[in-house]
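In: sequence? don't have it. structure:
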Ligand SMILES: Nc1ncnc2c1ncn2[C@@H]1O[C@H](COP(=O)(O)OP(=O)(O)OP(=O)(O)O)[C@@H](O)[C@H]1O
Ligand SMILES: Nc1ncnc2c1ncn2[C@@H]1O[C@H](COP(=O)(O)OP(=O)(O)OP(=O)(O)O)[C@@H](O)[C@H]1O
Ligand SMILES: [Mg+2]
Ligand SMILES: [Mg+2]
């Protein structure tokens, strides 16, 4: 292909976007709808995931220390705990604090009763150990158990496991939903593009009958696909961003009351833009090329059936 | 319009579905995708809602009874509680049971300590009152407070409120998502239909130039819209049902471990079918009529630009 | 009765003056040939009658209707009094020949029984019985044209408007078609026919309207006096629109295409030579 | 050189035998008229040459190519040696007249500068300079036809294939167009032209191929001996396909349409009367 052909065909691609603006608009809108759906779903799941991971963080193992351990032994123990893998945080809870807290949660009558019965504190000192990754929960707990000076370990394995299951479940759901959305989008987009190419089959067939090679007919469609893909990718990103910020504002009171913070969109903006534009371009270009080959392979007079 | 015209036009509508099968298929697929999305989202939220409502159910108010109340007084009290509005369940918890349960949850050392300290039970008798509707939580609690023989009432207002907020939030999210999906679907569908009508504008224009009234041109499109709508509505329902059952099976272990039961689809099948078919028909018929009016209003020679 | 009163038509899209100040009256039962060179405004003339285009100035009267007051809603009924053969045929691509012709009858609510009798008859009349089940894109040019003619005739309309109905058929068939139209005309139907075949106009002695550059330059019941030909047709339409130098650099091409005037003169010479043979 | 060797063509869709056992040889530089009645197979003949349809039997040789071995990938290059005027024009609706003609040059990778010189020249040659910026649907029938002609000429091809290039223009312009083609032919280009205008064939004394019902019934360098007309054309094509009774019940219609034979006879009488005038 000569340089002047390339220049002409590129110009033609741009021109076609405008000439077939009804169809361009339709394609862009459909692409956009799909991308916005995918993007929103992705952002929703990113947030749900971060929420769950924060709940997980609050899952702790209480390590009760034998009454005899005091002073240096305590300090050494803390260091030993910290040395274990998969430990995120270690906090010392003195028995006085713990007892005060426990009394707080009791019925007044009950608390009074306890205070009257004895001034001894019925609780041991403890370490509140936060576990990093619940997948290795069992390993970490057994490491903890192997330490010296330990009275008992109170682990809420059940809750931990439930959380892992929920999180995994939601991840699967998220992946499935995004994948399904993606498949549906591809399908809808390919249909839209098929219709637009269909309505241009007369043009394609005329070009062929004047002696245009397949490449010559295809090139402007490729340019068109790129233009439509880039436009819809960029606009979709803007829309998802806007919707996201709007949603955060709408649900701010809810988020506050749940003590949550939404993930800032900016972290995801750039990769998402890349993915969107890539999807848009691949759909736009691929879709039209695949559909077109059907018409390109015919030689001539099948035109008419418009 | 004469009877023979009606018969012809109806037949023509059916025939067109087949003649333009590529476009019919595209429309049906797009409609289906959208309906399946909406249906799946709806079913997901119905399940989440039922899950939340089950959590809510477990939110209870503990009504502690003064130590003096025994025998008949207790029975009378239970009846009084039952008489209050918005109460779902009332369960008597004897202080012996409560104490045993509490000891169970304690550290061994602590429990032993308590048992050694005293054989008295430091807890009062109580009623576990389940509240029906958390929206009227405050009213119900104050009604409970006004009863005789009450020691204290332990209400977990915070948790209750949080649950209400979460549930409301999720309801809003659900409605917004379904509405957005619906809007996007309408948009995509209208675009698809616009493209299909666009590719038939030549036909429309020829019909007009031979003396067909607008009604005559429209009628087969209406029939077509109904056919496409019914087909896609019915098929979508089948797909949503299948996907739902599949998802339940996939997540059965998760659901079991969370002690949950999925809502049976059959409860929703019929209304959903109605809604789907209605959406399909309205989109199919409305979309083509609206788009067509553009071409119907032209008189003649604008045809060519195919 | 069809009447043009000071009708002018300018196409908005590029400002073409297709018709200027046309005054014509065609009585019921007349047979009118409309002739004129390519782009003279003949099709525009017909499109104005069938209300496919609206006049920029003046008005067209058809029976009790006036183009100025005709409501959109009424246009389909207005057109049902006309049988129209379009220059570009306008067959519905998704319908067979039979259905294309039947469609015109279905539009006016004809009974299926009547259609089943009438359509085969008309198709046979234009020699297309064998092609009844074919689709338009499976037909030759002349066959398509005859389907368009069949559709125009099938409802037995009051007026037949035919835009070059013989452009794609051989001279014999052209004569047959015009013969058919004459028969129909003899029974009282008005026929307006655009044609380029001067032979036809000469054979069938009828009223001839000559349009040239959008103006009616001759309107005579006797074709022997009609001025078919303008002396320098090309220069009428060609205005050397482009400023650029239209000569081309390849030498051999210059040889081939010479220059415009030579071509015109040469071919006209040949035409004169051939015509009198 | 174009050669048909025992070529037959049957259209699959409805089993139409469009051409049967055609053997023809057209040497480089010849000027050939192809005539025949509507549906005889003329366009099919041309479509086979341009490889738009493939023969059911036999093969077509064009220079070094054979239809039997020509690869799909090669077809565009094969067609670039031809300039084709299609019977249905085939203009790209979304492009202006200028762009439609320029497109044929762009396809072969011509330089923009060359295009800007050549296209206006060709448009002027067919009298369309003024319409360069118009879209096909804004043109009259004859104007569209001339755009198609311009596109066929613009690349200065080795062979020009024209399917009724004068069907929608007036006789003068027809003569000009054929005159132009003759000039091009004189410079060595092969021209194959389908036409219904026997006047033209008579004026320009060239080789004439007559096709009738898919067979070449006459192939003569001298048009005076060519048998243009078949004696009973209608009965060839019409087989009273429908079993139903084709008579119609309305009495007045019976009057109008009489029966088929009468119409044919009457019009042929009139033709004879008119032709000798
Ligand atoms: N829709 C349109 N928009 C703009 N200009 C038009 C339109 N239709 C026709 N014209 C122009 O109006 C003039 C008259 O066109 P018209 O179709 O009436 O010619 P005609 O006499 O039928 O010619 P032909 O014999 O070639 O069919 C032409 O110059 C044509 O280019
Ligand atoms: N694509 C097709 N499918 C089926 N039959 C066809 C097809 N194209 C043409 N035919 C049939 O083949 C026969 C020859 O057609 P062709 O177009 O070659 O005729 P023609 O000589 O060009 O006629 P005209 O002068 O009317 O254009 C006709 O009977 C036609 O109906
Ligand atoms: Mg015209
Ligand atoms: Mg032909």
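Out: Great, that's in hand. Computed from a predicted model, the values in this text were never measured in an experiment. Numbering: from 1, shown residues only, chains lettered A, B, ... in the order given. Ligands and ions are numbered 1, 2, ... in the order given.
In: distance of residue A:269 from ligand 4?
Out: Distance from residue A:269 to ligand 4, counting by Cβ to the ion, to the nearest Å: 61 Å. In short, each C-beta sits where N, CA and C put it, glycine included.
In: let me fix that: residue C:56
Out: Taking Cβ to the ion, one finds residue C:56 at 37 Å from ligand 4.
In: how about low-confidence regions in chain C?
Out: Scanning chain C for pLDDT under 70 picks out C:222-277.
In: can you name the element that comes right after the helix-or-strand element of chain A with minimal mean pLDDT?
Out: Least confident helix or strand, chain A: helix A:108-117 with a mean of 69, by mean pLDDT, DSSP states H and E. Scanning forward in sequence from helix A:108-117 by DSSP states H and E, the next helix or strand is strand A:126-131.
In: direction included, what does that next one pair against?
Out: Here strand A:126-131 is paired, per DSSP bridges, with strand A:60-65 (antiparallel), strand A:87-93 (antiparallel).
In: pLDDT averaged over it - what is it?
Out: Regarding strand A:126-131, the rounded mean pLDDT is 81.
In: which element, helix or strand, includes residue 33?
Out: This is for chain A. helix A:21-57.
In: nope, chain C
Out: Going by DSSP H and E, residue C:33 is in strand C:31-35.
In: and that strand with ligand 3, contact?
Out: No - looking at strand C:31-35 against ligand 3 by Cβ under 5 Å from the ion, there are no contacts, and the closest approach is 9.7 Å.
In: now for that strand, which elements pack on it?
Out: helix C:42-49, helix C:171-186, strand C:190-194, helix C:198-203, strand C:207-212 (3 or more Cβ pairs under 8 Å, 6 or more residues apart in numbering or on different chains; DSSP states H and E).
In: turn these into JSON lines, columns for mean neighbour count and distance to residue C:25.
Out: Listed next are the helices and strands packed on strand C:31-35 as JSON lines, based on neighbours: other Cβ atoms under 10 Å in any protein chain shown; distance: least, Cβ to Cβ, whole Å:
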{"stretch": "helix C:42-49", "mean neighbour count": "25", "distance to residue C:25": "12"}
{"stretch": "helix C:171-186", "mean neighbour count": "23", "distance to residue C:25": "17"}
{"stretch": "strand C:190-194", "mean neighbour count": "24", "distance to residue C:25": "12"}
{"stretch": "helix C:198-203", "mean neighbour count": "21", "distance to residue C:25": "20"}
{"stretch": "strand C:207-212", "mean neighbour count": "22", "distance to residue C:25": "11"}
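In: report the separation between the residue in the stretch 51-200 of chain A that chain D sits nearest to and residue C:156.
Out: Proximity to chain D, evaluated over the stretch 51-200 of chain A using Cβ to the nearest Cβ, is greatest for residue A:200 at 8.5 Å. For residue A:200, the distance to residue C:156 equals 40 Å [Cβ to Cβ, to the nearest Å].
In: follow-up on the earlier one: relative to residue A:15, how far out is the residue of the stretch 51-200 of chain A closest to chain D?
Out: Distance from residue A:200 to residue A:15, by Cβ to Cβ: 13 Å.
In: low-confidence ranges in the stretch 101-250 of chain A?
Out: A:105-110, A:117-119, A:134, A:156-162.
In: just to revisit the earlier point, in the helix holding residue A:33, which residues are buried?
Out: The neighbour-count check on helix A:21-57 (16 or more other Cβ atoms under 10 Å in any protein chain shown) flags A:23-24, A:26-47, A:51-52, A:56 as buried.
In: what do you get for stretch A:169-186?
Out: In stretch A:169-186, counting by 16+ other Cβ under 10 Å, buried: A:169, A:170, A:173, A:174, A:177, A:178, A:180, A:181, A:182, A:184, A:185, A:186.
In: likewise for stretch C:93-109?
Out: Those would be C:93-108, for stretch C:93-109 by 16+ other Cβ under 10 Å.
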